[in-house]
Structures are given as structure tokens and as C-alpha cells.
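In: have a look at this fold, sequence not included:
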């Protein structure tokens, strides 16, 4: 039933047969997965993130996942990763989600926390 005060507005509910617009125009998430220490993305490692990333990549719509490691991990997309000096800045313009998996006992340093705070404002 049309709204009488505003004839141009039709406030009827969307019919169930109408296509779901999110199915036709999905939002692809850009996800940064960062880790350190003994964790890795190598499928042959005893305890790693390869299964997590594999399952995450099977979701719909398939996200764009960037794997980063603070140390040397040949299976990571970015090695020796630092938030404050990343080639692709860690901002909302570049990533929709940031997943952090920390295993190292060494501190990251004060510059990283202030960099993240500054960029998120």
C-alpha cells in the first residue's frame, strides 16, 4: 500500500521472490592476517595458520587475504612485517579486517601502537 503523504514512496515489504542484492553485489573483505614467533602459514608445520587461512578463503564472497609474518616465513606474503613501515599502509583504506596471532615473547615496540592509533583516527 503506497504512503499517502508521500506518493513517490512505496513502503511495501520486499517480496520474497525478489533477488537478494547482497548475492549479486557481494562485498569482498580485504583481510590482513599477521603473526610472529613459531607460528607459520606452512601446511606441513605442526601448529600453524594454514588451515585457518584455507577455511577463511572458502567463504563467500572469497576474501582477499594478505598473510604477514614479523619474522622469516617463506609461506607468508610479507616477511619481516612491521605495521609502521609496511609497503601497503595498514589503514581502513587498504584493509577491512586485521587478524593478529601473537606467539613471540619479544615486544613489538612503542612505535607500532602509536602508529595504529594514529592511522585509525
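Out: Everything's here; your move. Predicted model only: the values in this text are computed from it and were never measured.

In: just checking, residue 32 is part of a strand?
Out: Yes - judged by DSSP: H, G, I helix; E, B strand; the rest coil, residue 32 forms part of a strand.

In: quick one: it and residue 101 touch, right?
Out: No - using C-beta atoms under 8 Å, residue 32 is not in contact with residue 101; the gap is 11.4 Å. Quick note: C-beta positions are derived from backbone N, CA and C, even for glycine.

In: more neighbours: which of the two?
Out: residue 32 (23 against 14; other C-beta atoms under 10 Å).

In: in this protein, which spans are strands?
Out: Using DSSP state E, the strands of the chain run over 30-35, 64-69, 97-101.

In: buried set for the last one?
Out: Right, strand 97-101. Within strand 97-101, the residues that qualify as buried are residue 98, counting by 16 or more other C-beta atoms under 10 Å.

In: what's in contact with it?
Out: Strand 97-101 is contacted from outside by 29-36, 39, 49, 90, using C-beta atoms under 8 Å, 6 or more residues apart in numbering.

In: sheet partners, orientation included, of it?
Out: strand 30-35 (parallel) (DSSP bridges).

In: any idea how far the nearest residue to residue 94 once chain neighbours are set aside is from residue 95?
Out: Excluding the flanking residues, the one nearest residue 94 by C-beta to C-beta, 6 or more residues apart in numbering is residue 88, at 5.3 Å. Look at residue 88 and residue 95: by C-beta to C-beta, to the nearest Å, they are 8 Å apart.

In: of all the strands of the chain, which lies closest to residue 80?
Out: Closest to residue 80 of those, according to C-beta to C-beta: strand 64-69, at 7.7 Å.

In: ok so, going back, which residues do residue 88 and residue 95 both contact?
Out: Residues within reach of residue 88 and of residue 95 at once, by C-beta under 8 Å, 6+ apart, are residue 66.

In: neighbour count winner among those two?
Out: residue 95 (17 against 13).

In: next, the contact list for the more buried one, please.
Out: Residues counted as contacts of residue 95 (C-beta under 8 Å, 6+ apart) are 30-32, 66.

In: same thing but at 7 Å, please
Out: Neighbour list for residue 95: 30-32 [criterion: C-beta atoms under 7 Å, 6 or more residues apart in numbering].
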